[in-house]
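# Sequence and predicted structure, then a few things I'm wondering about:
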Amino acid sequence: MTLTTQLYTMLAMIGMGAWLGAAIDTYGRFLKREKRAKWVVFIHDILFWLLQALIGFYVLLRVNEGEIRFYILIALVCGFAAYQSLFRYFYLNLLESIIQLVINLYRFLEKMVRMLIVKPIQLLVQALIVLLLGIWKFLYSTVRFLLLVIWRIVKICSLPFRWILMLVWKLVPNVVKKYLHIVFKKLEGFFTLVKNRKHSIINRVKNFWKKR
């Protein structure tokens, strides 16, 4: 190994030591050990150190073809110590600033999406519902008016038939009238029973759906 290669190796390992310190702080910032289960922290720690070992070996492989010397460990410790004493405070402040910037950017984008996409869709749906309700009320009022007009016309047209039926009814014997009166009473009671049953069934169905 030439002196130039050794120099590059020392500088690379010093940088790798600083990178390791920054990676540990970043990892601790996002992991939040006190809020996670121990087995989750254990698995994350193993994966983290495996990743750092792979990165360090890859850097060493590119610099000096993977030769490991004692001074490489010293360079790693020096880089880590330099980070802890010189750069850690600035890096943590920068990391917090980046995190806050990302959070604020996310909140801004979320508000923009709500204002430009979600709100217009909500207003469009509300306007469509109001329009459909207006059309329904208009059609209902129109049909109801037409039915009332038809009913009035039918009543007016049926007046001569009613007078004829009243005259015929006066000519009907009293015995037949009494019999028809009894039949009408029974029919009235039957229809009243059906109406009550219908209301009872409707109330049971409503109570059933309310309980669900």
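Received it, and whenever you're ready, just let me know what you need. Numbers count the residues shown, from 1 in each chain.
# For the longest helix belonging to the chain, give the mean pLDDT please.
As assigned by DSSP state H, the longest helix anywhere in the chain is helix 119-171. Here helix 119-171 scores 85 as its mean pLDDT.
# Equivalent analysis for stretch 81-90, please.
For stretch 81-90, mean pLDDT is 90.
# and it, C-alpha only, in CSV?
The C-alpha trace of stretch 81-90 is given here as CSV (Å, rounded to 0.1, in the frame of the first residue of the first chain):
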residue,chain,number,x,y,z
ALA,A,81,-14.4,12.2,18.3
ALA,A,82,-14.0,15.2,15.9
TYR,A,83,-17.7,15.0,15.1
GLN,A,84,-18.7,14.8,18.8
SER,A,85,-16.6,17.8,19.8
LEU,A,86,-16.9,20.0,16.7
PHE,A,87,-19.8,19.2,14.6
ARG,A,88,-22.5,17.5,16.7
TYR,A,89,-24.2,20.7,17.9
PHE,A,90,-24.4,22.2,14.5
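# quick one: contacts of it?
With contacts defined as CB atoms under 8 Å, 6 or more residues apart in numbering, stretch 81-90 is touched by Ile14, Gly17, Ala18, Leu20, Gly21, Ala22, Asp25, Tyr91. From N, CA and C alone the C-beta is placed, and that goes for glycine too.
# Mind putting those residues into CSV with secondary structure?
Listed next are the contacts of stretch 81-90 as CSV, based on DSSP: H, G, I helix; E, B strand; the rest coil:
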residue, secondary structure
Ile14, helix
Gly17, helix
Ala18, helix
Leu20, helix
Gly21, helix
Ala22, helix
Asp25, helix
Tyr91, helix
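# Of these, which is the most crowded?
With neighbours taken as other CB atoms under 10 Å, the top of these is Gly17, carrying 24 neighbours.
# so it touches Cys78, yeah?
Yes: at 6.3 Å, Gly17 and Cys78 qualify as touching, with contact defined as CB atoms under 8 Å.
# which residues sit in contact with the most centrally placed residue in the chain?
Residue closest to the average C-alpha location in the chain (CA atoms, centre = their mean): Val118, at 12.0 Å. Taking CB under 8 Å, 6+ apart as the contact definition, Val118 lies against nothing.
# switch the cut-off to 10 Å
Neighbouring residues of Val118 by CB atoms under 10 Å, 6 or more residues apart in numbering: Glu110.
# Then the one 5 residues further on?
The neighbourhood of Leu123, defined by CB under 10 Å, 6+ apart, contains no residues.
# And stretch 184-194, how far out from the chain middle?
Centroid separation for stretch 184-194 versus its chain: 54 Å, with CA atoms, centre = their mean, to the nearest Å.
# Would you mind measuring from Phe42 to Arg33?
The gap separating Phe42 from Arg33 is 10 Å, by CB to CB, to the nearest Å.
# how close does Leu101 sit to Arg107?
Distance from Leu101 to Arg107, by CB to CB: 11 Å.
# er, Thr192 I mean
Taking CB to CB as the measure, Thr192 falls 65 Å from Arg107.
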